[in-house]
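In: Pasting the sequence and the predicted model now:
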Amino acid sequence: MSRQPSGKLKRLIVLPFILIMAASFSVSWTMYLIGSRESMRDLIRTVIREVAERVNETTRNKMEEALSAAEVNAAYFAEFKPDQTSTDGLRQVFLSQLRVYERLSIIAVGMDDGSYLEAQRLADGRLRVASAGSETGNDLVFRPVNDDGSFGEPELVRPDYDPRQRPWYRSALDAGQPIWTEPYTLYSNSDPAMSASIPIHGDDGTVIGVTTAVLTLGGISEYLNQLPESSKGILYLVDYTGRLVASSAGAVSIVDPDGQRQRARNHEDPLVALSAKAAGIEAPGEQSPVKNRLVDFSLNIGTTRYLGQARPFRTEAGLDWLVVTALRETAYTTKLAQMDAWTLAVLFVFLVAAVIAGWFIVESLTGPLRLLINDVDALVPGVPAPSGLSQITLKNNELGRLARSILALKVRLDENFGAIEQSLGEKDILLKEVHHRVKNNLQIVSSFLSLQTGTIQDEQAREAFEECQDRIQAMALVHEEVYQTGSFVELPMSDYIRKICDTLRWSRAWGSATVDIFVEVEENAALPLDKAIPCGLVTNELVTNALKHAFRGKSHGIIAVNFSMANASTTELPGDNHPVSRFILIVADDGTGMAADANECGGVGSQLVQGLVSQLKGTLHYDSAPDGGTSVRVEF
């Protein structure tokens, strides 16, 4: 019985388990990664939205503080025009306002006569005041504010200062209402700034001056830079022309080398330029304004992915800006990726542990099962079962039940096998006895013919009796071989053909010639009994014919008998797909030869050979050599 490899069943059980676990793990892990990354992107967008809203709110508060301070001052100066005696008191008021509005850089007033007063907060937090007009010779004179609130000596003088020529004054004068100026550079230190300017109307409605509150763009940029999110990307403000107003990268990044505010789309920082493009901000030369709508976007710089948002910022005072935020996705996903790596490692360990555990569990099942298979393979009818099988029957599980069933089946098989073996033994004895008796009976018939032959005087009749005796002897040899070999299915042809030839050679005298018979039979050549008898009779007739006729007038002769299977010559019976081997019987002699029509004569032997060859479903060929001799070939 063929035995399957011992690990095949284990693989059959464990492999699908591993594949299902691996597929489930892969699918669930992929779904988790997709879901977690999408959730993280939603979280980042939420952070971006909150940052943009916070920037909006803070910037709006800054603007409202500036407008509020300017409005208060405009209302005051509409009633009380400043004079020489009130300048120090007004500057103290402006200083008080700066202390209240900590986001403002300058609070000032310019009158239509060219006089000017201001209080200024420097970048280091110090305060100073300035004035211009006829008392200063139209120079802008700056004085520090001492710790006690008094004013120190002049520390900076800017000549020929006329507030009426400054952008904040002219813008308010042209608008005739509160307005935010376009960004410009401060006269005192050239810092970029913008002002909330409000015209002061006299009793007759004419403009008698302008109050202003100034925000430096550096201050807004500093605020953006101080936001925690600024380290994770970029935050900036652009106006309706696409030029930068403020940036978390600092005030330096706002202006180009010529001191002009840069366009976002043309910025040297690729993050600013690409985020401006993704936000829909126009490139240089495009005239259409920034669309007043919220835009979510994403972009890649190399292998780094950024998520961002462009949020409109508008005020009633004419501001039309866009708050742009772009943050690195990895700034929020790095820790998640680290946790994913740890989770993946832990899951992989559990997967390996599950596979190992599954392997041992299956081994605990397949081990006894393999032992059971080996023991079942070793079962032999009539032989006690292996001890391992008996040990498995002691198990209180399915394998134990199976082993007990197999043992019960073996008991029944042993009983049946004993009965069958006994029956077969009796049949073998009976068949041997039948063949033995048939052989004896044929021998008796042959003996009767031999006795009868001795009393016949006619030569032809005696010869006919002798040939009949040889034929019966050939059939008797078949039964003798079956009796001796014990094979009732097929007959080995080697000994059978040799005995036929030996019997013919020595059974009687065949003339004056000495004849040698050489027999060559292919090893393992065997025929079924229904084929062996006709083949033996054909051999008997052909050898007999050669002994009788081939060597007349010769002193010595040779007969060669060859029986073989045709090399690689197979055919198929009609309606049968199984190939059938072809057998070849050749009887050749070196005698005197035969007439051309000898094979067509009507002799009993010739007719018998032809009938037997037809029974074998074979072909018969006679060949004569030019120098004498005959070869007869039978193929079936």
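Out: Right, received. Where do you want to start?
In: tally of neighbours for the residue lying closest to Leu612 once chain neighbours are set aside?
Out: Leaving aside its sequence neighbours, Leu612 sits nearest to Pro534 (Cβ to Cβ, 6 or more residues apart in numbering; 4.4 Å). For the C-beta atoms, the positions are set from N, CA and C on the backbone; glycine is no exception. The tally of other residues near Pro534 (other Cβ atoms under 10 Å) stands at 19.
In: can you check Leu98 too?
Out: 21.
In: Pull the contacting residues for it.
Out: Contact analysis of Leu98 by Cβ atoms under 8 Å, 6 or more residues apart in numbering lists 104, 107, 119-121, 127.
In: quick one: it from Asn266, how far?
Out: Leu98 sits 36 Å away from Asn266, going by Cβ to Cβ, to the nearest Å.
In: again, but for Ala461
Out: Ala461 is 136 Å from Asn266, where distance means Cβ to Cβ.
In: Which pLDDT value goes with Pro199?
Out: Pro199 is assigned a pLDDT of 94 by the prediction.
In: That one contacts Ala172, correct?
Out: Yes: between Pro199 and Ala172 there is a contact at 4.7 Å, judged by Cβ atoms under 8 Å.
In: Touching both of the two, which residues are there?
Out: The contact sets of Pro199 and Ala172 overlap at 207, 210 (Cβ under 8 Å, 6+ apart).
In: which one of these two has more residues nearby?
Out: Legend: neighbour count by other Cβ under 10 Å for Pro199 and Ala172, higher for Ala172 (28 against 22).
In: secondary structure element for that one?
Out: Assigned by DSSP states H and E, Ala172 falls within helix 167-175.
In: what packs against that helix?
Out: strand 192-201, strand 207-216 (3 or more Cβ pairs under 8 Å, 6 or more residues apart in numbering; DSSP states H and E).
In: Counting by contacts, list what whichever helix or strand comes after that helix packs against.
Out: Using DSSP H and E, the next helix or strand after helix 167-175 towards the C-terminus is strand 179-180. Packing partners of strand 179-180 (3+ Cβ pairs under 8 Å, 6+ apart): strand 192-201.
In: Relative to the whole chain's centre, how far out is the strand it packs on?
Out: 68 Å (Cα atoms, centre = their mean, to the nearest Å).
In: Would you mark the buried spots in that strand?
Out: For strand 192-201, the neighbour count (16 or more other Cβ atoms under 10 Å) marks 192-200 as buried.
In: so Thr592 sits right up against Gly553, yeah?
Out: Yes: using Cβ under 8 Å, Thr592 is in contact with Gly553, at 6.8 Å.
In: and these two? which has more neighbours close in?
Out: Thr592 (16 against 9).
In: so what's the more buried one up against?
Out: By Cβ under 8 Å, 6+ apart, the neighbours of Thr592 are 550-554, 628.
In: same thing with Ser624?
Out: 593-594, 596, 630-631.
In: Emit the PyMOL select command for whichever of these are buried.
Out: In PyMOL, a selection of the buried entries from these looks like this (16+ other Cβ under 10 Å):
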select buried, resi 593+594+630+631
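In: Identify the farthest-apart pair in the contacts of Ser624.
Out: Ala596 and Ser631 (14.4 Å; Cβ to Cβ).
In: picking that back up, run through who's touching the helix holding Ala172.
Out: So helix 167-175 is in contact with 110, 163-164, 178-179, 181-182, 184, 195, 197-199, 207, 210, 212, 214, going by Cβ under 8 Å, 6+ apart.
In: Same question for stretch 69-89.
Out: The contact list for stretch 69-89 (Cβ under 8 Å, 6+ apart) reads 90, 94, 97, 101, 104, 107, 109, 111, 115, 117, 131, 135, 151, 178, 196-202, 208-209, 211-213.
In: Go again with 6 Å.
Out: Residues from elsewhere that reach stretch 69-89 (Cβ atoms under 6 Å, 6 or more residues apart in numbering): 90, 97, 101, 107, 109, 117, 196, 198, 200-201, 211-213.
In: Then stretch 183-192?
Out: 167, 193-194, 216-218.
In: Leu244: which of the residues you listed is nearest?
Out: Proximity of the contacts of stretch 183-192 to Leu244 (Cβ to Cβ) peaks at Leu217, which lies at 8.5 Å.
In: Pretty sure that closest one sits against Ala246.
Out: Yes: with contacts counted by Cβ atoms under 6 Å, Leu217 reaches Ala246, the gap being 5.3 Å.
In: residue ranges for the helices of the stretch 151-300 of the chain, please.
Out: Assigned by DSSP state H, counting those that start in this stretch, the stretch 151-300 of the chain shows helices spanning 167-175, 217-226, 270-278.
In: pLDDT-wise, which helix or strand of the chain ranks last?
Out: helix 387-392 (a mean of 70; mean pLDDT, DSSP states H and E).
In: Contact partners for Lys499?
Out: Counted by Cβ under 6 Å, 6+ apart, Lys499 has contacts Leu477.
In: If I look at it, what pLDDT would I see?
Out: Confidence score, pLDDT, at Lys499: 83.
In: my hunch is that it is in a helix, does that hold up?
Out: Yes: counting by DSSP: H, G, I helix; E, B strand; the rest coil, Lys499 is found in a helix.
In: Tell me how far it lies from Asn266.
Out: Taken as Cβ to Cβ, the span from Lys499 to Asn266 is 116 Å.
In: re the thing from before, of the contacts of Thr592, keep whichever come out buried.
Out: So, of those, 550-551, 554 end up buried under the neighbour-count rule (16+ other Cβ under 10 Å).
In: Can you list the residue ranges for helices in this structure?
Out: Using DSSP state H, the helices of the chain run over residues 8-79, 87-100, 167-175, 217-226, 270-278, 330-377, 387-392, 398-455, 459-485, 493-507, 529-549, 604-615.
In: Need these in JSON lines (columns: distance to Pro257).
Out: Below are these laid out as JSON lines (distance: least, Cβ to Cβ, whole Å):
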{"stretch": "helix 8-79", "distance to Pro257": "27"}
{"stretch": "helix 87-100", "distance to Pro257": "32"}
{"stretch": "helix 167-175", "distance to Pro257": "22"}
{"stretch": "helix 217-226", "distance to Pro257": "17"}
{"stretch": "helix 270-278", "distance to Pro257": "16"}
{"stretch": "helix 330-377", "distance to Pro257": "31"}
{"stretch": "helix 387-392", "distance to Pro257": "92"}
{"stretch": "helix 398-455", "distance to Pro257": "88"}
{"stretch": "helix 459-485", "distance to Pro257": "116"}
{"stretch": "helix 493-507", "distance to Pro257": "114"}
{"stretch": "helix 529-549", "distance to Pro257": "113"}
{"stretch": "helix 604-615", "distance to Pro257": "118"}
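In: Packed most tightly, which of those would that be?
Out: helix 529-549 (a mean of 22; mean count of other Cβ atoms under 10 Å).
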